[in-house]
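> Just to be clear, the model below is a prediction. Sequence and coordinates:
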Amino acid sequence: MKISVIGTGYVGLVSGACFADVGNTVLCLDVDTRKITMLKDGIIPIHEPGLDNLVQRNAAAGRLLFSSNYDDAVSHADIIFLAVGTPPDEDGSADLTHILSAARSIGERLTKPAVIVDKSTVPVGTAEKVKRAIAGELEKRGVNVAFHVVSNPEFLKEGAAIDDFMKPDRIVVGADDADAAKQMRQLYAPFSRNHEKFVEMDIRSAELTKYAANAMLATRISFMNELANLSELLGADIEAVRLGIGMDPRIGPDFLYAGMGYGGSCFPKDVKALIKTASDHKQQLHLLTATETVNDAQKNVLFTKLVRFFGGDAGLKGKTIALWGLSFKPNTDDMREAPSRILIKALFDAGANVIAYDPVAREEAKRVLVAEHGEDLCNTRLRIVESARQAVEGADVLVLVTEWKEFRAPDLPFLAEKLKQKAVFDGRNIYDPEAFAAAGLVYEGIGRRSGKVAQ
Ligand SMILES: NC(=O)c1ccc[n+]([C@@H]2O[C@H](COP(=O)([O-])OP(=O)(O)OC[C@H]3O[C@@H](n4cnc5c(N)ncnc54)[C@H](O)[C@@H]3O)[C@@H](O)[C@H]2O)c1
Ligand SMILES: O=c1ccn([C@@H]2O[C@H](COP(=O)(O)OP(=O)(O)O[C@H]3O[C@H](CO)[C@@H](O)[C@H](O)[C@H]3O)[C@@H](O)[C@H]2O)c(=O)[nH]1
């Protein structure tokens, strides 16, 4: 099949490359000409494991093309995916500027029948807006071209995006036309034996399914974070509780990890957008509002622990805090809504210095932090270094922020020797408190029983 994908962010690039890999001819378009130039040169603008190989292989085979020209994209395809960003607007609603602009660009050029697919995460009713935007442009041109808009939300996770796309749990398609639905079924056949993963429904339900999934997962995380904070007060260990409840098949083991609060480009914005959609319909989503409140508070939990450890806000002034990890989760350089940003701001406000290391997000973090705090503050109070060991040199304490694999087996005698205050704060509960205590290190996790340091 001939496909165009509009937008070359995570979703556009991963889905475009995966569709090409199963034999389709895919044209990926972006209005960001810098990205298209990079992609044409074989450079992948984001860090996603396996994506460089996948893109290069399919580009070399002539199945994956890049362009910033809408004429190319619209004339190329029978199926056009919209995978542009839908960032939060000031009032929390999803900003549809990009998706409607892309729809108009298609309408201005469409000359043959096509299926237009909403792949971006968009509020219920957006497919109708996209349809109106395209139809409006066709009308202006005085032409009549048959087209259908379908909803096909994406469920991939950053860091595991290719696997998620190639082996999906489910493929949700909302359509109001049988032929368009059939084309989608055929397109996804290579990813779903006997179409067993294909779930077809009406368009509005498909749009809501995407928000329902993210809202449910975000709520699980906030639930566990609240219980973690309670565990601390009760002298229980949230890690034991997690194992104890996760084995119940009705609960399941995934997405039960307490930590520094959920971040990333999706959960925070999608939770906000669903709350806003409901309030536009005069319904208050009490549970989801609490999910968000708990998450905002959780992003400050580690800072509160640091304040307590240093005997109050003033105690942090002039201290040096080492951070391991900056990206919002491992295996990505994405800094969108990363909990590290909240922690770094609080540390700067308290007068502390930060030495940070991240395996891949160093450049992106620097860009984001300089934009947030200015060159001067970053030059004087922040050092982003080239190794985990370097980050610890001269630091008072260490905070594990992102659970990258390379942080999982730390050299404890080295930490005990280098950290001036011999203390480690584990924002992801990946360490064994007893082992740290045995090495003479104070250990604090999230909702955990700390090991007792041998005197
Ligand atoms: N990032 C994820 O893991 C993920 C997963 C599932 C769903 N989603 C959803 O998919 C959508 C895209 O997310 P993303 O993270 O890939 O976005 P992104 O912000 O990384 O990339 C979006 C791209 O769209 C381009 N763009 C904007 N307006 C355009 C236009 N009019 N024409 C052509 N290109 C245009 C931008 O230049 C940018 O490169 C969002 O709605 C998001 O919620 C994201
Ligand atoms: O038990 C857990 C699991 C995750 N997180 C945090 O939750 C956030 C989101 O993590 P994850 O879901 O793995 O990453 P995303 O790439 O943001 O993926 C989510 O958002 C995407 C965009 O909508 C969806 O497609 C995915 O299905 C959905 O998992 C991160 O900050 C994680 O640290 C926790 O704190 N505890």
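Arrived safely, thanks for sending. Ligands and ions are numbered 1, 2, ... in the order given.
> What residues does the stretch 251-400 of the chain have near ligand 1?
Residues of the stretch 251-400 of the chain lying close to ligand 1 (C-beta under 6 Å from any ligand atom) are 265, 266. Backbone N, C-alpha and C define where each C-beta goes, glycine included.
> ok, which stretches of the stretch 251-400 of the chain are strands?
With DSSP state E, counting those that start in this stretch, the ranges of strands along the stretch 251-400 of the chain come out as 320-324, 353-357, 382-384, 397-400.
> and the second one, what does it pack onto?
With contacts defined as 3 or more C-beta pairs under 8 Å, 6 or more residues apart in numbering; DSSP states H and E, the secondary structure elements packing on strand 353-357 are strand 320-324, helix 339-349, strand 382-384, helix 388-392.
> Just say which of these is most tucked in.
Stretch with highest mean neighbour count among the helices and strands packed on strand 353-357: strand 320-324 (a mean of 25; mean count of other C-beta atoms under 10 Å).
> measure residue 366 to residue 43 for me?
As defined by C-beta to C-beta, to the nearest Å, residue 366 lies at a distance of 19 Å from residue 43.
> Neighbour count: these two, which is higher?
Neighbour count, other C-beta atoms under 10 Å: between residue 366 and residue 43, residue 366 has more, with 16 against 12.
> Wait, the more buried one touches residue 373, no?
No - Residue 366 lies out of contact with residue 373 (C-beta atoms under 8 Å); the separation is 10.9 Å.
> Can you name the residues of this protein that neighbour ligand 2?
Counting by C-beta under 6 Å from any ligand atom, the chain comes close to ligand 2 at 121, 154-158, 214, 217, 221, 255-257, 259, 262-264, 266-267, 270, 328-329.
> Among those residues, which are located in helices?
Members of the residues of the chain next to ligand 2 lying in helices (criterion: DSSP state H): 214, 217, 221, 267, 270.
> I'd like to know how far the second one sits from residue 11.
Residue 217 sits 17 Å away from residue 11, taking C-beta to C-beta as the criterion.
> which of the two has more neighbours?
Regarding residue 217 and residue 11, a neighbour count based on other C-beta under 10 Å identifies residue 11 as having more, with 25 against 18.
> the helices in the stretch 51-200 of the chain, which residues?
Using DSSP state H, counting those that start in this stretch, the helices assigned to the stretch 51-200 of the chain run over residues 51-60, 70-76, 97-107, 126-141, 161-166, 178-188.
> In this structure, what residue lies closest to ligand 1?
residue 9 (2.1 Å; C-beta to the nearest ligand atom).
> Count the neighbours of that residue for me.
17.
> need the contact list for it.
Shown in contact with residue 9 (C-beta atoms under 8 Å, 6 or more residues apart in numbering): 46, 83, 84, 85.
> now the residue nearest the centre of the chain, nearest residue through space, not along the chain?
Central residue of the chain (C-alpha atoms, centre = their mean): residue 264, 3.6 Å from the mean position. In space, and not counting its chain neighbours, residue 264 is closest to residue 328: 4.6 Å by C-beta to C-beta, 6 or more residues apart in numbering.
> what's the spacing between that neighbour and residue 158?
The value you get for residue 328 to residue 158, if C-beta to C-beta is used, is 8 Å.
> Same drill for these two, tell me which one is more crowded.
residue 328 (29 against 25).
> want to try TSV for the strands of the stretch 251-400 of the chain, with mean pLDDT as columns?
Below are those laid out as TSV (pLDDT from 0 to 100):
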stretch	mean pLDDT
strand 320-324	98
strand 353-357	98
strand 382-384	97
strand 397-400	98
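> hang on, the earlier thing: of the helices of the stretch 51-200 of the chain, which stretch is the most buried?
Mean neighbours per residue, mean count of other C-beta under 10 Å, is largest over the helices of the stretch 51-200 of the chain for helix 97-107, with a mean of 21.
> Could you list every helix and strand in contact with it?
Looks like helix 97-107 contacts strand 2-6, helix 70-76, strand 79-82, strand 114-118, helix 126-141 (3+ C-beta pairs under 8 Å, 6+ apart).
> now check that helix, is it near ligand 1?
Yes - Helix 97-107 is in contact with ligand 1 by C-beta under 6 Å from any ligand atom, via 98, 101, 102.
> Which single one of these is nearest to residue 72?
Closest approach between the residues of helix 97-107 next to ligand 1 and residue 72, by C-beta to C-beta: residue 102, at 14.1 Å.
> residue contacts, that closest one?
Residue 102 is in contact with 6, 7, 82, 84, counting by C-beta under 8 Å, 6+ apart.
> ok, residue 325 touching residue 405?
No - between residue 325 and residue 405 there is no contact under C-beta under 8 Å: 10.9 Å.
> which of these two has more neighbours?
When residue 325 and residue 405 are compared for neighbours, residue 325 comes out ahead with 29 against 10, by other C-beta under 10 Å.
> phi, psi of the more buried one?
Dihedral pair for residue 325: phi 100, psi 140, per degrees, to the nearest 10.
> Not counting sequence-adjacent ones, nearest residue to it?
In this structure, residue 325 finds its nearest non-sequential neighbour in residue 402, 2.6 Å apart by C-beta to C-beta, 6+ apart.
> hang on, the earlier thing: give me the buried entries from the residues of the chain next to ligand 2.
For those, a burial check counting by 16 or more other C-beta atoms under 10 Å picks out 121, 154-156, 158, 214, 217, 221, 256-257, 259, 262-264, 266-267, 270, 328-329.
> so what's the residue of the chain closest to ligand 1 scoring on pLDDT?
With respect to pLDDT, residue 9 scores 95.
> What distance do you get for it to residue 77?
19 Å.
> Low-confidence stretches in the stretch 351-455 of the chain?
Applying pLDDT under 70 to the stretch 351-455 of the chain flags the ranges 451-455.
> I misspoke; the intended subject was the chain.
451-455.
> one more time with 50, if that's ok
Applying pLDDT under 50 to the chain flags no residue at all.
> burial count for the closest residue to residue 397 other than its chain neighbours?
Nearest residue to residue 397 in three dimensions, chain neighbours excluded: residue 423, at 4.4 Å (C-beta to C-beta, 6+ apart). Per other C-beta under 10 Å, the neighbour tally for residue 423 reads 21.
> Need phi/psi at residue 423.
Torsion angles, degrees, to the nearest 10, at residue 423: phi -140, psi 140.
> Just confirm residue 427 contacts residue 339, I think it does.
Yes - contact criterion C-beta under 8 Å: residue 427 and residue 339 qualify, at 7.2 Å.
> re earlier: okay, and the common contacts of residue 328 and residue 158?
Common neighbours of residue 328 and residue 158 (C-beta under 8 Å, 6+ apart) are 264, 334.
> show me the residues around residue 433 that make contact.
Residue 433 sits in contact with 443, 445, 448, 449, 450, 451, where contact means C-beta under 8 Å, 6+ apart.
> Is it possible to get a markdown table of those that adds distance to residue 181, secondary structure and neighbour count?
Below are the contacts of residue 433 laid out as a markdown table (distance: C-beta to C-beta, whole Å; DSSP: H, G, I helix; E, B strand; the rest coil; neighbours: other C-beta atoms under 10 Å):
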| residue | distance to residue 181 | secondary structure | neighbour count |
| --- | --- | --- | --- |
| 443 | 54 | strand | 22 |
| 445 | 48 | coil | 28 |
| 448 | 49 | coil | 22 |
| 449 | 53 | coil | 17 |
| 450 | 55 | coil | 15 |
| 451 | 57 | coil | 18 |
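> Good, we can wrap up now.
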